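A.B. asks: Curious how this folds, go ahead:
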Amino acid sequence: MRIAACLWGLPGDPVAAAGRMRELDYDTVDVDPGYAELEGADRTGAKLTVTCLAAGHLFPEGVALEAADDEARGRAVARVEASLREATGLGAEFVYVAAPTSGPENRKRFRESMVGLADAAAGLERRLCIEPFPNSGLPSVAAMLDFLEETGHPGLHVLLDVGHCLIAGEDPAAAVEACGERLGYVHFDDNDGKGDLHLALTDGVLTAETISETLAAVAASTHEGPVAVAVEGHLNLPDPAAAMAQSLRILRDCEPG
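C.D. replies: Alright, predicted model coming up:
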């Protein structure tokens with residue numbers, strides 16, 4: 001099982017952060033848009049591949065895939081399309097965006113944006129995922145699966161965040177199983193069951209048993225493509241790199257035999 005380090009949870013230069021994650025023995029990294037343009041990214045990439053690009057990060061204020069303003073929504077779509085092309089150049093299989101803000105009109109506009117982007121992703125052979133997010137218009141895996149069924153497009157997948165499952169009161173392993181072929185990618189992080197804190201694994205309410213059960217469910221999943229999961233930390237942690245090292249060690253200990 002490939003385990004990726006999400007570089008946006010680490011301070012400083014992302015290329016240097018990728019090198020630190022290689023030293024910790026992560027298999028690969030996940031990056032923000034624009035990573036390919038950074039000095040040294042090509043050199044580092046030869047040592048540590050990129051698995052996922054967070055296309056929904058770094059949007060300018062007011063720009064959103066569900067924006068009521070047509071120009072703002074069009075800019076958001078164009079940015080995700082650019083991320084899909086960047087991911088293709090980096091060899092990153094997965095690209096993801098976050099769930100929209102609440103409201104039926106936002107949901108409708110977001111659906112229209114995502115269906116068009118799913119066609120673009122299919123043309124580039126990238127796997128486009130949407131991440132359920134607490135207090136959004138799609139706050140749980142169950143809600144996301146209903147939305148994906150609503151789109152009628154087979155090319156959209158779930159980015160399942162274990163920490164978000166804890167907040168939504170969902171069992172992560174059961175949520176993985178419920179996704180079936182809609183499962184795209186999995187983020188591992190921990191919290192207190194209330195806030196999206198991105199703690200190191202087992203520093204919050206997440207247990208080693210739940211991690212083991214979730215990894216086993218991922219390994220047994222019917223989704224297509226290689227099995228990969230990612231660790232997502234946070235810049236506000238006292239020592240983000242140490243937290244990433246702890247999380248990787250725990251994931252390796254909990255991997256199915």
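A.B. asks: mind listing the helices in this protein by residue range?
C.D. replies: 14-23, 41-45, 70-90, 104-124, 141-151, 162-168, 172-179, 208-219, 240-254 (DSSP state H).
A.B. asks: any idea how far the fifth one is from the chain center?
C.D. replies: Using Cα atoms, centre = their mean, to the nearest Å, the distance from the centre of helix 141-151 to the centre of the chain it belongs to is 17 Å.
A.B. asks: Sort out which residues of that helix are buried, please.
C.D. replies: Buried residues in helix 141-151, defined by neighbour count with 16 or more other Cβ atoms under 10 Å: 141, 144-145, 147-148, 151. Every C-beta, even on glycine, is put in place using the N, C-alpha and C of the backbone.
A.B. asks: next one: the first one
C.D. replies: Residues 14-15, 17-22 are the ones in helix 14-23 that count as buried (16+ other Cβ under 10 Å).
A.B. asks: Repeat that for the last one.
C.D. replies: When neighbours are counted by 16+ other Cβ under 10 Å, the buried residues of helix 240-254 are found to be 240-241, 243-248, 250-251, 254.
A.B. asks: With pLDDT and distance to residue 108 added, can I get these in a markdown table?
C.D. replies: Converted to a markdown table, these look like this (pLDDT from 0 to 100; distance: Cβ to Cβ, whole Å):
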| residue | pLDDT | distance to residue 108 |
| --- | --- | --- |
| 240 | 97 | 38 |
| 241 | 97 | 42 |
| 243 | 97 | 39 |
| 244 | 98 | 38 |
| 245 | 98 | 44 |
| 246 | 98 | 42 |
| 247 | 98 | 37 |
| 248 | 97 | 40 |
| 250 | 97 | 41 |
| 251 | 97 | 38 |
| 254 | 97 | 40 |
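A.B. asks: now, which of those sits nearest residue 174?
C.D. replies: Checking the buried residues of helix 240-254 against residue 174 by Cβ to Cβ gives residue 254 as the nearest, at 16.9 Å.
A.B. asks: ok, back up a step: make CSV out of the buried residues of helix 240-254 and add distance to residue 61.
C.D. replies: Below are the buried residues of helix 240-254 laid out as CSV (distance: Cβ to Cβ, whole Å):
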residue, distance to residue 61
240, 26
241, 30
243, 29
244, 29
245, 35
246, 34
247, 31
248, 34
250, 37
251, 35
254, 39
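A.B. asks: Of these, just say which sits nearest to residue 183.
C.D. replies: residue 251 (17.3 Å).
A.B. asks: For the stretch 1-150 of the chain, which residues score under the pLDDT cut-off?
C.D. replies: 42-47 (pLDDT under 70).
A.B. asks: show me the contacts for the residue nearest to residue 200 when sequence neighbours are not counted.
C.D. replies: Among residues not flanking residue 200 along the chain, residue 243 sits closest, at 3.7 Å (Cβ to Cβ, 6 or more residues apart in numbering). With contacts defined as Cβ atoms under 8 Å, 6 or more residues apart in numbering, residue 243 is in contact with 199-200, 203, 233-234, 237.
A.B. asks: if I pick the closest residue to residue 184 other than its chain neighbours, what's in contact with it?
C.D. replies: Spatially, and ignoring its direct neighbours in sequence, residue 184 is nearest to residue 157 (2.9 Å; Cβ to Cβ, 6+ apart). The contact partners of residue 157, taken as Cβ under 8 Å, 6+ apart, are 127-130, 148, 182-185, 223.
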